[in-house]
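In: show me how the following folds:
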Amino acid sequence: RLMKKDSLATDEIKIVTGLTAQYSLSPEYLLLLSAHLADTKRRFSLIKLRDKAIKLAEAEVNTVEELERYIETQSAENDIHREFRRVLGLYGGALSPTQKKFFNRWGLEFGFGTAIVAEAYDRAALYADRSMKYMDKILTSWHEAGCKTVAECIAHSETTKATLQDNGKKKPSRKEKSEPTRYGDFDINDAFERALLRSYGESCENNGKGEN
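Out: Next comes the predicted model:
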């Protein structure tokens, strides 16, 4: 039914029997995986079933229960990837492993939704850096601070910004602190004459009068 065929060809039957005999995968397992692939692939085939089943078996996803958990996780990842792609404007083409890693961390590990991711995207744009690596730094700081809403994320960022600005203010150096106080400019000639008077006293004044 999934393949929209009345019967399976001999080669197709060999694929199914090979998976059950060689990898000990139950018929229920193969039917569940086939239904999952038919929902996610444009065109289902037993070749795709074989390749996916072998990969899962090698990853020790061998039972129906383990396969159900895998499908549930995959469905959650697909939903997250679709929503975050829309926020970042990533339309068309497959996501890279790095993009998937960031999306899964933000959505599955941090538990952030599209509103918070969109806020991080806008904040990254303020610094002309919309890279996912920079966004990850912002979102990680919010997660570590325990932020759950957009309002909490904004408040945390503003508090952090104010703290950095306070710490960045210039503090007077030791040299500036020890510099003697200046009381204004003075006439150097007048200061020189006063020094002479202190040194020679009246003799200097009398000599000056005699000359006049």
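In: can you give me the helices for this structure?
Out: Ranges of helices in the chain, per DSSP state H, are 10-22, 27-40, 46-58, 64-88, 97-104, 114-126, 132-144, 150-168, 174-178, 188-200, 202-211.
In: shouldn't T20 be in contact with K14?
Out: No: using C-beta atoms under 8 Å, T20 is not in contact with K14, being 11.0 Å away. Just so you know, the C-beta spots here come from the backbone N, C-alpha and C atoms, and that holds for glycine as well.
In: re earlier: which of the helices of the chain sits closest to L2?
Out: helix 27-40 (4.7 Å; C-beta to C-beta).
In: turn the helices of the chain into TSV, columns for mean pLDDT.
Out: Output for these, formatted as TSV (pLDDT from 0 to 100):
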stretch	mean pLDDT
helix 10-22	92
helix 27-40	92
helix 46-58	94
helix 64-88	94
helix 97-104	95
helix 114-126	92
helix 132-144	94
helix 150-168	87
helix 174-178	51
helix 188-200	62
helix 202-211	50
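In: closest one to M3 among those?
Out: helix 46-58 (7.4 Å).
In: what's in contact with the closest one?
Out: 3, 8, 12, 15-16, 18-19, 23, 25, 29-30, 33-34, 37, 41, 62, 67, 70 (C-beta atoms under 8 Å, 6 or more residues apart in numbering).
In: one more time with 6 Å, if that's ok
Out: For helix 46-58, the external contacting residues (C-beta atoms under 6 Å, 6 or more residues apart in numbering) are 12, 15, 19, 23, 33-34, 37.
In: which residue is nearest the centroid of the protein?
Out: Nearest residue to the geometric centre of the chain (C-alpha atoms, centre = their mean): D136, 0.4 Å.
In: so that residue versus Y29, what's the distance?
Out: 36 Å (C-beta to C-beta, to the nearest Å).
In: returning to that earlier point: for the contacts of helix 46-58, which one is nearest I154?
Out: L37 (42.3 Å).
In: count of neighbours near I116?
Out: Burial measure for I116: 24 neighbouring residues, criterion other C-beta atoms under 10 Å.
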